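Participant: Turn this into a structure:
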Amino acid sequence: MGRKNSNLLYSVFIIAFGGGLLFYYFYNPNSDSFLIRCPFKTFTHLDCPGCGSQRALHSLLHGEFRQAFSYNPLFIAAIPYVFTGVLFEWFGLKYSFPKIRKILFGRWAIYLIAFLVIFFFIFRNI
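Facilitator: Here you go, the predicted model:
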């Protein structure tokens, strides 16, 4: 992919991401019924690992950190991890710090994250 296409892709991503943040800033998932409800919870009445993420994002954007954490602590904990992954990919840090990247995003990290998500899913439904 050429440099021009790459810049266009990044620009589109930034605009879409910013638009999503603006959307969740102005629309509250607690009171706006047109927002998507979790299909897993609808059918099973159990909370999936992502349940509460929309409400947590809305609260986070309004500076309500405790409320956001109460909606979905896994989502809040994942934000810095995902941001770190974006830094490694977009800014070439994967070449500068390959050992750190392997620790954070290697096979064992994936196993650990999968275990944490499954544990969180079970624990929040007990």
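Participant: so who does Ala114 touch?
Facilitator: Contacts for Ala114 (CB atoms under 8 Å, 6 or more residues apart in numbering) come out as none. Bear in mind the C-beta positions are built from the backbone N, C-alpha and C, glycine included.
Participant: same thing with Ala56?
Facilitator: Ala68, Phe69, Tyr71, Asn72, Phe75, Ile76.
Participant: secondary structure element for it?
Facilitator: helix 53-61 (DSSP states H and E).
Participant: on that earlier part again, can you tell me which of the contacts of Ala56 is closest to Phe40?
Facilitator: The closest of the contacts of Ala56 to Phe40 turns out to be Asn72 (CB to CB; 13.7 Å).
Participant: Looking at the contacts of Ala56, which are in strands?
Facilitator: In strands, defined here by DSSP state E, there are no members of those.
Participant: Is it possible to get TSV of those residues that adds pLDDT?
Facilitator: Shown next, in TSV, are the contacts of Ala56 (pLDDT from 0 to 100):
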residue	pLDDT
Ala68	97
Phe69	97
Tyr71	96
Asn72	97
Phe75	97
Ile76	97
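Participant: Give me the buried positions along the least confident helix or strand in the chain by mean pLDDT.
Facilitator: Ranking every helix and strand in the chain by mean pLDDT, DSSP states H and E puts helix 93-96 at the bottom, with a mean of 81. Residues of helix 93-96 classed as buried: Leu93, Lys94 (neighbour count, 16 or more other CB atoms under 10 Å).
Participant: Then stretch 25-38?
Facilitator: Applying 16+ other CB under 10 Å to stretch 25-38 flags Pro29, Cys38 as buried.
Participant: For it, C-alpha coordinates in PDB please.
Facilitator: Taking Å, rounded to 0.1, in the frame of the first residue of the first chain, the C-alpha atoms of stretch 25-38 are listed here in PDB:
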ATOM      1  CA  TYR A  25     -20.700  11.700  24.100                       C
ATOM      2  CA  PHE A  26     -24.100  13.000  23.100                       C
ATOM      3  CA  TYR A  27     -26.200   9.900  23.200                       C
ATOM      4  CA  ASN A  28     -26.600   8.000  26.500                       C
ATOM      5  CA  PRO A  29     -27.100   4.200  26.200                       C
ATOM      6  CA  ASN A  30     -29.100   4.300  29.400                       C
ATOM      7  CA  SER A  31     -31.800   6.500  28.000                       C
ATOM      8  CA  ASP A  32     -31.600   6.400  24.200                       C
ATOM      9  CA  SER A  33     -33.500   3.200  23.100                       C
ATOM     10  CA  PHE A  34     -32.300   3.200  19.500                       C
ATOM     11  CA  LEU A  35     -28.800   2.100  20.500                       C
ATOM     12  CA  ILE A  36     -27.900  -1.500  20.000                       C
ATOM     13  CA  ARG A  37     -28.600  -3.900  22.900                       C
ATOM     14  CA  CYS A  38     -26.400  -6.900  23.500                       C
END
